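S.K.: sequence? don't have it. structure:
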Ligand SMILES: Nc1ncnc2c1ncn2[C@@H]1O[C@H](COP(=O)(O)OP(=O)(O)OP(=O)(O)O)[C@@H](O)[C@H]1O
Ligand SMILES: C[C@H](N)[C@H](N)CCCCCC(=O)O
Ligand SMILES: [Mg+2]
């Protein structure tokens, strides 16, 4: 916690590894310190029609963990109905996801809060349009990246691939989180130690598996 910067981007080893869960947890911790906190989900895919409007579960959770109220179009500039890769959802909707639009929204949020937590979509190289990815978005926002590692078989490779791309692009890392998403994972401690050795740092946060969180 104390090692984290005030504004940062939460990426992950994959979709479904706990980016929202970790973002919410960190936002709650910052809010408990008396800081003004807001969450942002620039691109969401997977929305439901509820209470007369399209709603995304990640956006709902991030808003619930925020203690600053902001226009929905700043918190979530792009939202698509099907829970699929964002560039495909955008193309189907006839929308061109523009990093400039997201950047302008982020700049507004950054003036309103002490802490802005920006959650990606899927992993680091998920495309947003025909030429740009989540990694390009992180660079456009000039934010440090927090890597959520969903602790399951395969995560070592995914974590190291992600760390390598972050380094290649000179994206500043602000640590990683070990999120235990698989209670059946074999050799969890050995996997954790391998990640610590390969990423050359301990996790800033280790989240145990919470049975109540599974859908
Ligand atoms: N530590 C945990 N223990 C138990 N369940 C967890 C844990 N972390 C996440 N989950 C569950 O795993 C699922 C995926 O988590 P989450 O939505 O946070 O992932 P994500 O990386 O944000 O996914 P997306 O790519 O869709 O944004 C959710 O049902 C969540 O409640
Ligand atoms: C719908 C899902 N929950 C995420 N929001 C989007 C995940 C995109 C993953 C694309 C991919 O890596 O193949
Ligand atoms: Mg999420």
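M.R.: Thanks, I have the structure now. Everything quoted here is computed from the prediction, not taken from an experiment. Ligands and ions are numbered 1, 2, ... in the order given.
S.K.: from here on, contacts and neighbour counts on C-alpha atoms
M.R.: Fine.
S.K.: Which residue is the nearest non-sequential neighbour of residue 5?
M.R.: In space, and not counting its chain neighbours, residue 5 is closest to residue 174: 7.4 Å by CA to CA, 6 or more residues apart in numbering.
S.K.: wait, doesn't the one you found sit right on residue 163?
M.R.: No. Assessed by CA atoms under 8 Å, residue 174 is found out of contact with residue 163, at 11.2 Å.
S.K.: More neighbours: which of the two?
M.R.: When residue 174 and residue 163 are compared for neighbours, residue 163 comes out ahead with 20 against 17, by other CA atoms under 10 Å.
S.K.: Could you tell me how many residues sit around the residue lying closest to that one once chain neighbours are set aside?
M.R.: Nearest residue to residue 163 in three dimensions, chain neighbours excluded: residue 199, at 7.5 Å (CA to CA, 6+ apart). Close neighbours of residue 199, defined as other CA under 10 Å, add up to 17.
S.K.: now do residue 130
M.R.: Neighbours of residue 130 (other CA under 10 Å): 11.
S.K.: got the phi/psi numbers for it?
M.R.: phi -70, psi -20 (degrees, to the nearest 10).
S.K.: quick one, what contacts it?
M.R.: residue 87 (CA atoms under 8 Å, 6 or more residues apart in numbering).
S.K.: when you give positions from now on, start the count at 95
M.R.: In the new count, where the first residue is 95, that last one comes out as residue 224.
S.K.: what separates it from residue 157, distance-wise?
M.R.: 29 Å (CA to CA, to the nearest Å).
S.K.: Ok, residue 111 next?
M.R.: Residue 111 is 20 Å from residue 157, by CA to CA.
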